[in-house]
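K.L.:
Here's my sequence, what's the structure:
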Amino acid sequence: MFKDHLANRQYGQMRDRGLISKTMGVVAGGPFEDKIEKIASVKLQGDNGLLEVATALYEALTAKGGDRKWETRPVFLLDYADRNVALIGITGAPIESRAFAIVGAGNDDSRSDLTCPGLDHAAAFPFAILLTRTGEEITIYMVDSMFRMKMYFEDAGKMKFAANMRMPGSIENEVRDKVEESLY
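P.N.:
Residues are numbered from 1 along each chain as shown. So this is what the prediction gives:
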């Protein structure tokens, strides 16, 4: 399909340990377990279970689709209610296009003449929010957005990372707000 652009070497970062270091020694790094954040919780009502809450949240997030800067919206719902878990995938066209433009060719000048050199980072989207059930409570988590961006887009370079440091928090705040508005 893209025979003129076959790659014979790896793109992106290589990790030789599980710990992601901090950018400029101050942001985004640390153990993964410390980067999972609780964004909301709700008590079950009536006969509702995890799947009912996840479905209602998915539908409410769909209804709130394009009403904010990042136009976050759900794109999938995976039901693992038998394990007391559900996942909702979230993305938005403004997030993806901005992220791909920021990373560009990254630290690899040989990709700079490609039409969309950052497209190889498409695996970063959608990101997920996790719903878990413990007793009669549903708790909703997501991975810290700054950590996620560092994990997927570190090869954009430190200057681009620093210039766009507000983006991850802005995305996270939008998702938190929409989840809270949908649940309460």
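
K.L.:
Looks like Lys64 contacts Val179 (just checking).
P.N.:
No: counting by Cβ atoms under 8 Å, Lys64 sits too far from Val179 to count as a contact (9.7 Å). Just so you know, the C-beta spots here come from the backbone N, C-alpha and C atoms, and that holds for glycine as well.

K.L.:
More neighbours: the two, which one.
P.N.:
Using other Cβ atoms under 10 Å as the criterion, Lys64 and Val179 rank with Val179 on top: 24 against 19.

K.L.:
With adjacent residues omitted, what lies nearest to that one?
P.N.:
With sequence-adjacent residues excluded and distances taken as Cβ to Cβ, 6 or more residues apart in numbering, Val179 is closest to Ala40, at 5.1 Å.

K.L.:
In terms of helices and strands, where is Tyr141?
P.N.:
strand 137-143 (DSSP states H and E).

K.L.:
Figure out how far that strand is from the centre of its chain.
P.N.:
Relative to its parent chain, strand 137-143 has a centroid offset of 14 Å by Cα atoms, centre = their mean, to the nearest Å.

K.L.:
list the helices and strands the next helix or strand after it packs on?
P.N.:
On the C-terminal side of strand 137-143, the closest following helix or strand by DSSP H and E is helix 145-153. Here helix 145-153 touches helix 93-103, helix 158-163, helix 166-183, going by 3 or more Cβ pairs under 8 Å, 6 or more residues apart in numbering; DSSP states H and E.

K.L.:
secondary structure class for the nearest residue to Glu180 once chain neighbours are set aside?
P.N.:
In space, Glu180 comes closest to Ala40 once its chain neighbours are excluded; the distance is 5.6 Å by Cβ to Cβ, 6+ apart. The three-state assignment at Ala40 reads strand, by DSSP: H, G, I helix; E, B strand; the rest coil.

K.L.:
which residues does Ala40 contact?
P.N.:
Going by Cβ atoms under 8 Å, 6 or more residues apart in numbering, Ala40 touches Thr139, Ile140, Arg176, Val179, Glu180, Leu183.

K.L.:
let's go with 6 Å and repeat that
P.N.:
Listed by Cβ atoms under 6 Å, 6 or more residues apart in numbering, the contact partners of Ala40 are Ile140, Val179, Glu180, Leu183.

K.L.:
same deal with Ser41?
P.N.:
Shown in contact with Ser41 (Cβ under 6 Å, 6+ apart): Glu137, Thr139.

K.L.:
What does Pro126 show for phi and psi?
P.N.:
Backbone torsions of Pro126, given as degrees, to the nearest 10, read phi -70, psi 160.

K.L.:
which non-adjacent residue is nearest the residue positioned nearest the centre of the chain?
P.N.:
The residue lying closest to the centre of the chain (Cα atoms, centre = their mean) is Phe127, at 3.2 Å. Distances taken as Cβ to Cβ, 6+ apart put Ile90 closest to Phe127, at 5.8 Å, once the chain neighbours are dropped.
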